[in-house]
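In: structure for this input, please:
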Amino acid sequence: MAAPPLTGTLPDLSLLLGPMLLLEILGVGLFGVLSVQTYIYYLAFPNDRTHAKLLVGWVYILELVQLILLTHDAWLIFARGFGDFAHADDVRTIWFTLPIMAGFIGLFVQLFYAWRIHTLSSNRWITFFVTLSAFVQAGFSIAVGIETREVGHLALITHSKAFKYKMIWFCTTAFCDILIALSMSYYLYRAKQHSAVRKTNAMLTRLIKFTVETGLITAAFALLEAILYVAANETLFYALFMGICPKLYSNSLLALFNSRIEVTSGRICDADGVNFLSTMAFASRIGPNGNLVRQPTSSGIGINVQISKVSDAHTESTAHSDVTLKMEKTSKSSSQLEVSV
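Out: Okay, the predicted model is just below:
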């Protein structure tokens, strides 16, 4: 028996279910990228601070929970409930997985950037506005989720109170992302101006480009959500970008952490001697004759030669070399020579 005509009863299902299918596909791909970045982070930086490791782990768990719930809904829509057109636009768990989880993932990442801005600048006002906008967008994401659950149908969301809540949420998110990008870029550039170490300058330049790119991308996605929400309110194309945004936040956070990685002689290692962001103010005050070098390790046997070079960033000449010789008598017949540069 042929299916009854849908004209006049339901909107175009392809415009409602198509974005959900694309969201599931793109979400799995971006979660795979996030998984690789998380693995590389824990492998390359086992000695990072505990709060950084907890933040990375917590964001990854939130992304995993969101992916599981989205996959559950996709199974109900495209497999178990295939052909059930009467319930095709049911909200199911979308009220929680999209607005609320997106708001909370964005909140943790934005608070991390607020702390970094405070560490770099000690500017309480900028930190306050970033923190305030982060909590405001998270609060409105909860309001959107609650209102979406009460509506119960995806096609009716744009005709409910969730409309104004979402507009405030999108605009606040974009404002917070732009403020973070501009503030981080300014203070990183100022730290670069006061630093004469070429390696530190190279990393600061890379961080400035990275911050501007990721900040503007997430802000652009938030504005695009608002535009699609108004211009195409009978579709769910805005939900596609709403679901991608938290993946962008998480991947940008891990990319920021992993930007310290360097490839030397085909091996991945952390940046030798460059203190990352939390002590960047100290690094910028070292001056032209300063150097950020890893402290050499000492051996308790034989002859230990340790060499530490300090070079001027302007003249590129060696300022001085300190050689420490340590000789110890051992009962072994052989001697061990270790050179650490």
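
In: per-domain residue ranges of the protein.
Out: For the chain, the structural domains run 13-264, 268-340, going by automatic domain parsing.

In: would you mark the buried spots in stretch 210-219?
Out: Of the residues in stretch 210-219, those buried under the neighbour-count criterion (16 or more other Cβ atoms under 10 Å) are 210-211, 214-215, 218-219. (Each C-beta comes from the backbone N, C-alpha and C, glycine too.)

In: can you check stretch 168-178 too?
Out: By neighbour count, and taking 16+ other Cβ under 10 Å as the criterion, the buried residues in stretch 168-178 are 168-178.

In: in CSV: these, plus secondary structure and distance to residue 230.
Out: Written out in CSV, the entries for these read as follows (DSSP: H, G, I helix; E, B strand; the rest coil; distance: Cβ to Cβ, whole Å):
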residue, secondary structure, distance to residue 230
168, helix, 13
169, helix, 13
170, helix, 10
171, helix, 12
172, helix, 16
173, helix, 16
174, helix, 14
175, helix, 17
176, helix, 20
177, helix, 19
178, helix, 20
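
In: just send the residues you listed back as TSV, with distance to residue 40 and pLDDT too.
Out: Shown next, in TSV, are the buried residues of stretch 168-178 (distance: Cβ to Cβ, whole Å; pLDDT from 0 to 100):
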residue	distance to residue 40	pLDDT
168	37	92
169	32	92
170	32	91
171	35	92
172	32	94
173	28	93
174	30	91
175	32	93
176	27	93
177	25	91
178	29	92
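
In: still on that earlier bit, and the buried residues of stretch 210-219, which two are the farthest apart?
Out: Using Cβ to Cβ, the pair of the buried residues of stretch 210-219 lying farthest apart is 210 and 219, separated by 14.7 Å.

In: ends of stretch 114-130, what's the gap?
Out: Across stretch 114-130, the terminal residues are separated by 6 Å (Cα to Cα, to the nearest Å).

In: same question for stretch 98-109, mean pLDDT?
Out: The predicted model assigns stretch 98-109 a mean pLDDT of 94.

In: so where's the stretch 51-200 of the chain shaky on pLDDT?
Out: Judged against pLDDT under 70, the low-scoring parts of the stretch 51-200 of the chain cover residues 81, 83-87.
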